[in-house]
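>>> this is the structure alone, sequence omitted:
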């Protein structure tokens with residue numbers, strides 16, 4: 001899951017609501033993509049000045065995820081594991097809150113080797129949504 005700022009002309013009487021930290025006016029496309037670079041959930045409404053985590057929290061997809069209404073598969077054991085079932089989750093960056101169905105990397109300070117490897121692998125999974133945005137932009 002990630003958000004992409006899409007440049008817009010400043011709407012009349014909008015003040016700085018659309019002005020983002022990248023110093024231009026934008027509307028944010030919040031999306032979840034699968035491993036085939038397909039968008040499976042999108043939300044387009046947010047002002048450019050709003051943080052991704054706030055956008056997701058206030059969105060319908062965020063509300064549906066919190067209410068367990070997204071029809072995610074039930075938790076299962078990981079292949080080759082005898083441990084407890086692991087839930088399915090959405091991979092996000094460090095700007096999002098860690099919840100039962102949203103996985104984010106560990107904070108970057110003072111990481112041991114195991115946590116650095118975890119962050120690296122999680123970041124590789126998150127690249128799918130970033131690449132899906134690049135593919136969309138190139139169209």
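Good, I have the coordinates. Note that this is a predicted model, so its numbers are computed, not measured.

>>> what pLDDT, on average, does the lengthiest helix in the chain get?
The longest helix of the chain (DSSP state H) is helix 113-138. For helix 113-138, the mean per-residue pLDDT is 94.

>>> now it: buried residues?
119, 122, 126, 128, 129, 132, 133 (16 or more other C-beta atoms under 10 Å). Where C-beta positions appear, they are placed from N, C-alpha and C, glycine not excepted.

>>> the third one contacts residue 91, doesn't it?
Put plainly, it is residue 126. Yes. Contact criterion C-beta atoms under 8 Å: residue 126 and residue 91 qualify, at 4.9 Å.

>>> circling back: could I get the buried residues of helix 113-138 as TSV with distance to residue 76?
Output for the buried residues of helix 113-138, formatted as TSV (distance: C-beta to C-beta, whole Å):
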residue	distance to residue 76
119	24
122	19
126	22
128	21
129	23
132	25
133	29
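
>>> now, among those residues, which is nearest to residue 45?
Lowest distance from residue 45 to the buried residues of helix 113-138 (C-beta to C-beta) belongs to residue 133, with 17.1 Å.
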